[in-house]
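Undergrad: Pasting the sequence and the predicted coordinates here, then a few questions.
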Amino acid sequence: IWFRRNGEIVKNEVRPLIEDLDELPFADKESIDFQAVINAASGNLRISLSRGCPFDCTFCSNKALASVYSNKARYFRVRSPHMAIEEIKRNEQRFTFRTITFDDDLITLNRKWFHEFFERYAENFAYPFVCNFRPGTVRNEEILLLKKAGVKMVYVGVEHGHEEFRRRVLRRNMSNESIVATFDLLHEHGIPCHANLLVGFPHESEGHFRETVRLSRRLGLSKDNPIGVPSPFP
C-alpha cells in the first residue's frame, strides 16, 4: 500500500507471497449475496484453485504482477487436490449452482496434480465444468480424464496465428502444429472448445491478422468463438 503522510508518500514493502495456498482460508462469500452472483451467471459458480502463472506472455497481467516479486519462481501456486475438493464442497453446502467455471489459467500444468484432482472430482461431483489450458500440455489420457469428470467446454490459449509474431512479440513459445494437434485431440473426443484469440496488437499487420484467420480455419472453430482486443495499460 502507498499512502500520503504529512505531504510525503509512504511506500510499504511488498508482502511475501503465501506459497502454501492450503494455509489460506476459503474465500468469504457470506458477506455478500453470492447466490445472486451465481443466479446472474445462469447458475454458474466461478472458482480459482491457483494463483499466478509461470509463463512470461507480454500481454498478460500476470507478467506485470510477477515482476513485483523478487522470487518469481514461486509466483505460481496451487491448492492441494484435497483442499481444492473441500473448497468446492464448501460452496456446495452454502449455494445452489449447476455448473462450474475453473478460472485457473493453467489447470493442466502439473500432471500429477491434474490427475489426482480430476479423479477426485469425478468421484465427488457431477457438475459440468469449463476450464482453460495451454496447447501442448495435454495428452490423450488427460483429455479422457476431463471427459470422465464432466467437462462442458475448454478454452485454449491460442492468441495469434502468426507463429513468429506469437513467439517474438507475445512470447508464446508454441508451434502452430502443437496448437492444431491439441484441437484435433479435443475434436476427436467430442469436447466443445474455443480458442482464446486476440486481434489488434501493436506491430500487428494485416498479414499477421490473416494468419490468425488461416489458423482458426484449421482449428475447426465454431462461429460463436469469441475474439478479443487487447487493452494495454501504461
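TA: Great, that's in hand. Residues are numbered from 1 along each chain as shown.

Undergrad: Next one: the residue nearest the centre of the chain, what pLDDT does it get?
TA: Most central in the chain under C-alpha atoms, centre = their mean is D105, positioned 1.9 Å from the mean C-alpha point. Confidence at D105, expressed as pLDDT, is 88.

Undergrad: mind listing what it touches?
TA: Applying C-beta atoms under 8 Å, 6 or more residues apart in numbering to D105 gives the contacts 50, 53, 62, 132, 134, 157. From N, CA and C alone the C-beta is placed, and that goes for glycine too.

Undergrad: so what's the backbone phi/psi at the nearest residue to the first one once chain neighbours are set aside?
TA: For S50, the nearest residue in space outside its immediate sequence neighbours is V78; the separation is 3.9 Å by C-beta to C-beta, 6 or more residues apart in numbering. When read as degrees, to the nearest 10, the backbone of V78 gives phi -150, psi 140.

Undergrad: Adjust the sequence numbering to begin at 11 for everything that follows.
TA: Okay, using 11 as the starting number, the last item reads as V88.

Undergrad: count of neighbours near the nearest residue to L119 once chain neighbours are set aside?
TA: Counting by C-beta to C-beta, 6+ apart, T147 is the residue found nearest to L119 once chain neighbours are left out, at 6.3 Å. Residues lying near T147 (other C-beta atoms under 10 Å) number 19.

Undergrad: can you count the residues close to V47?
TA: Here the count is done by other C-beta under 10 Å, and V47 has 14 residues near it.
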